[in-house]
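Engineer: Need coordinates for the following:
(one chain, ligands or ions: 1)
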Amino acid sequence: MPEKLRICFLINPKSGTNRRQDVPALLTRYLAAEPAVDYEVRLTQYAGHAVELARQAAAEGFRIVVAVGGDGTVNEVGRGLLGTRAALGILPRGSGNGLARHLRVPLALPAAIRQLARPDFQRIDVGHINEHPFFCTAGLGFDAHVSKCFAQAGTRGLGTYVQVALREYRRFRPTPITMTMQGKTLETNCYVLAFANAAQYGNNAYIAPLADISDGLLDLCLIDALPLLRAVRVSLGLALGNLPASGAAVYHTCSQVQVRTAQPLGFHVDGDYVGDAQQFDVRLEPLALEVAVPKVKL
Ligand SMILES: Nc1ncnc2c1ncn2[C@@H]1O[C@H](COP(=O)(O)OP(=O)(O)OP(=O)(O)O)[C@@H](O)[C@H]1O
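Structural biologist: Coordinates of the predicted model:
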């Protein structure tokens, strides 16, 4: 008899804006008819817990460990799985779901659950910023500052995010930075510097629409200043997926970059604010994580 596919679901009960969805009930309903799947459900109890739970599930021999949550939960589970033989799965339940959208994981939970029962597997690159792994995007400047304020806002969702971003836009000022990559040094200002492994921040906001998650390269997006007219062009470029062509941002690709900043600057990984620093070492580790993705329909 063929071996069963062992899947461990790690649910972040605090993620997303729709917490009333009963994920264990959905799993029972949609996996009951999948005799080839053996699964368990575990809940996270605190921030950071999913890293430990993922590592433990991989050590127990689960083939897929699923992050049930947003990009913060995906980041924790992915971190826990680095260097193990288990693949990351995603049941998207965040407000942005950047990595799930990039990998074309269905946003509707029944469809996402069904595809996990018959997955394809793919390896993806993993970024590191000051040794914090990221899978989707990391960044310095305004986007990190907004992540910090968003975390303090008390409510979640796109509406709160936009409100916070508009409020902070009036206050935030660019910082002088020095970037070193491929032996070249560039002195510039930084309003936003994004390191994109995947194409989008989440919510189909395409910061680097040409980013390929398995090409061994990071797409760097630099916005040196953001006066009002350019802010409108950047917003449209993010929504329409044509920011590179708009000329409102400058792009580079590289596998490694060092950034020094004139003043401490906030940084985020996968949308979660980490802290402030003046020195950033950013690098890409090629194909370091296996992910379970939907089968491509031919
Ligand atoms: N049981 C828990 N209690 C409190 N916080 C938790 C718990 N489990 C996980 N967390 C934290 O919740 C944070 C937010 O989770 P996540 O990003 O998945 O959801 P979200 O913020 O609603 O989604 P999105 O990032 O798409 O907006 C994670 O960074 C994680 O550290």
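
Engineer: List the buried residues of the helix or strand of the chain with the lowest mean pLDDT.
Structural biologist: In the chain, no helix or strand scores lower on mean pLDDT, DSSP states H and E than helix 158-169, which sits at a mean of 88. For helix 158-169, the buried set under the neighbour-count rule, 16 or more other C-beta atoms under 10 Å, comprises Thr160, Tyr161, Val164, Ala165. C-beta coordinates here come from the backbone N, C-alpha and C atoms, glycine included.

Engineer: Then stretch 55-65?
Structural biologist: Within stretch 55-65, the residues that qualify as buried are Arg55, Ala57, Ala58, Phe62, Arg63, Ile64, Val65, counting by 16+ other C-beta under 10 Å.

Engineer: Report the separation between the residue of the stretch 101-250 of the chain found nearest the ligand and Pro92.
Structural biologist: Nearest residue of the stretch 101-250 of the chain to the ligand, counting by C-beta to the nearest ligand atom: Arg156, 5.1 Å away. Going from Arg156 to Pro92 by C-beta to C-beta, to the nearest Å gives 14 Å.

Engineer: And for Leu140?
Structural biologist: Taken as C-beta to C-beta, the span from Leu140 to Pro92 is 26 Å.

Engineer: likewise Gln258?
Structural biologist: Taken as C-beta to C-beta, the span from Gln258 to Pro92 is 33 Å.

Engineer: Between these two, which has more neighbouring residues?
Structural biologist: Pro92 (28 against 14; other C-beta atoms under 10 Å).

Engineer: Excluding chain neighbours, what is closest to that one?
Structural biologist: The shortest distance from Pro92 to any non-neighbouring residue, by C-beta to C-beta, 6 or more residues apart in numbering, is to Ala100 (3.8 Å).

Engineer: returning to what we had before: I'd like the buried residues of stretch 55-65 written out as JSON lines, with secondary structure and distance to the ligand added.
Structural biologist: Conversion of these to JSON lines gives the following (DSSP: H, G, I helix; E, B strand; the rest coil; distance: C-beta to the nearest ligand atom, whole Å):
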{"residue": "Arg55", "secondary structure": "helix", "distance to the ligand": "15"}
{"residue": "Ala57", "secondary structure": "helix", "distance to the ligand": "15"}
{"residue": "Ala58", "secondary structure": "helix", "distance to the ligand": "18"}
{"residue": "Phe62", "secondary structure": "coil", "distance to the ligand": "19"}
{"residue": "Arg63", "secondary structure": "coil", "distance to the ligand": "22"}
{"residue": "Ile64", "secondary structure": "strand", "distance to the ligand": "18"}
{"residue": "Val65", "secondary structure": "strand", "distance to the ligand": "15"}
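
Engineer: just those now: which is nearest Gly241?
Structural biologist: Ranking those by separation from Gly241, with C-beta to C-beta as the measure, puts Ile64 on top at 29.7 Å.

Engineer: Any idea what that closest one is bridged to?
Structural biologist: Ile7, Ala87 (DSSP bridges).

Engineer: Please report the distance of it from Ala111.
Structural biologist: 16 Å.

Engineer: tell me which residues of the helix or strand containing Asp125 are tucked away?
Structural biologist: Secondary structure from DSSP states H and E places Asp125 in strand 120-129. For strand 120-129, burial by neighbour count (16+ other C-beta under 10 Å) applies to Ile124, Asp125, Val126, Gly127, His128, Ile129.

Engineer: Run through the helices of this protein in chain order.
Structural biologist: Ranges of helices in the chain, per DSSP state H, are 23-31, 49-59, 71-81, 98-102, 109-117, 142-152, 158-169, 228-240, 243-246.

Engineer: Which secondary structure elements does the first one sit against?
Structural biologist: Under the contact definition 3 or more C-beta pairs under 8 Å, 6 or more residues apart in numbering; DSSP states H and E, helix 23-31 sits against strand 5-11, strand 37-43, helix 109-117.

Engineer: Buried deepest among those, which one?
Structural biologist: The highest average neighbour count among the helices and strands packed on helix 23-31, using mean count of other C-beta atoms under 10 Å, belongs to strand 5-11 at a mean of 23.

Engineer: Quickly check: that strand near the ligand or not.
Structural biologist: No: using C-beta under 6 Å from any ligand atom, strand 5-11 stays clear of the ligand, with a minimum separation of 8.6 Å.
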